[in-house]
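> Next input, structure requested:
(one chain, ligands or ions: 1)
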Amino acid sequence: MHRGHLRVAQTIPLTHLVARTHDPRPTRQSLAGALFLSYFIVMVTREEAYKLLTDHVQGESLIRHCLAVEASMRSLAKFFSANEEAWGIAGLLHDADWEETKDTPEQHTLVLSEWLEDWDLGDEGIKKAILAHNHFHNGHEPPTSQFEWSLYCADELTGLIVACALVQPNKNIGTVTVDSVMRKFPEAAFAAGVDRSKIELCETELSIDLESFVEVVLKAMQEIADPLGL
Ligand SMILES: [Fe+2]
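Predicted structure coming up:
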């Protein structure tokens, strides 16, 4: 069983907290109680999420991928003025059950979702974003929110950027440019496993042009070059 520590969470609507008092007509007392709760509602810490990830993932490249997606999601949350902590945790955890479900893709994210059952995530969007990123296989509904689409599109883009870094003279992500990623984008033979169509959805679903999306994600990854080994 995993439990999150007490932590300020700003993502739970006040109305939801008031509703949990079972008072059909919010009173001054119930509103005060809700305000109190909204300050002390728990949310999993980044450290706990990282521990869960590394408890279940042995492969260094997969851990680095999760770190890359986490950094990307934090930067995208900042870009969209969203909850950086919740988006980062979703990015960090999104593939935590991959090694245990690689032969049963329909189970990928469902197993993780079960692990998170007893967690106080603070933001239910985390679990939804994780589930939606594998909707083709797990039967969950496709992404709908900015949060969910960001994870869906960034997940794939980090792979293309890693491939761009690996062909640099020193495999140095610091010398990768937005232009170089954009040049490799239409080359189907380069990083052939990266589904460009998923990344391109940023334009219609997130209303951000591809070049800007690449810029945000590339910068985020460059800031954690050492942990990424690039
Ligand atoms: Fe992923």
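> Which element, helix or strand, includes the residue nearest the centre of the chain?
Nearest to the centroid of the C-alpha atoms of the chain, with distances taken as CA atoms, centre = their mean, sits Gly91, at 2.4 Å. Assigned by DSSP states H and E, Gly91 belongs to helix 84-93.
> mind checking how far the residue lying closest to Leu92 once chain neighbours are set aside is from Asp120?
Using CB to CB, 6 or more residues apart in numbering and skipping the chain neighbours, the partner closest in space to Leu92 is Glu70 (3.9 Å). (C-beta placed from N, C-alpha, C; glycine too.) From Glu70 across to Asp120, the span is 19 Å (CB to CB, to the nearest Å).
> if you count what's nearby, which of these two comes out ahead?
Glu70 (27 against 16; other CB atoms under 10 Å).
> which residues does that one contact?
Neighbour list for Glu70: 88-89, 91-92 [criterion: CB atoms under 8 Å, 6 or more residues apart in numbering].
> in which helix or strand would I find it?
Using DSSP H and E, Glu70 falls in helix 60-79.
> from the middle of its chain, how far away would stretch 123-134 be?
8 Å (CA atoms, centre = their mean, to the nearest Å).
> got a list of what Lys102 touches?
For Lys102, the contacting residues are His108, by CB under 8 Å, 6+ apart.
> give me that answer again for 10 Å
By CB atoms under 10 Å, 6 or more residues apart in numbering, the contact set of Lys102 is 62, 108.
> pLDDT wise, what is it at?
At Lys102, the model reports a pLDDT of 95.
> And Asp120, by the same measure?
Looking at Asp120, the pLDDT reads 80.
> for the closest residue to His108 other than its chain neighbours, what are its contacts?
Excluding the flanking residues, the one nearest His108 by CB to CB, 6+ apart is Thr101, at 4.2 Å. Contact analysis of Thr101 by CB under 10 Å, 6+ apart lists 95, 107-112, 134, 137-138.
> for Arg196, same thing?
156-157, 160, 184-188, 210.
> repeat that with 8 Å
156, 160, 185-186, 188.
> Next: Gln146.
Taking CB under 8 Å, 6+ apart as the test, what Gln146 contacts is 80, 82, 206.
> Then Glu156?
194-196, 198-199.
> Buried subset of the residues you listed as a ChimeraX selection?
In ChimeraX, selecting the buried portion of these, with burial taken from 16 or more other CB atoms under 10 Å, looks like this:
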select :194,196,198,199
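> right, and Ile63 touches Lys51 too?
No - using CB atoms under 8 Å, Ile63 is not in contact with Lys51; the gap is 11.9 Å.
> returning to that earlier point: closest to the ion out of the contacts of Gln146?
Leu206 (17.4 Å; CB to the ion).
> now the residue nearest to the closest one when sequence neighbours are not counted: how far from Ile63?
Nearest residue to Leu206, sequence neighbours excluded (CB to CB, 6+ apart): Trp149, at 5.3 Å. Look at Trp149 and Ile63: by CB to CB, they are 24 Å apart.
> neighbour-wise, which of those two wins?
Set Trp149 next to Ile63 and count neighbours by other CB under 10 Å: Trp149 wins out with 23 against 19.
> Could you check the pLDDT of the more buried one?
pLDDT, read off for Trp149, is 98.
> can you offset everything so residue one is 21?
Got it, the first residue is 21 from now on, which makes the last one we talked about Trp169.
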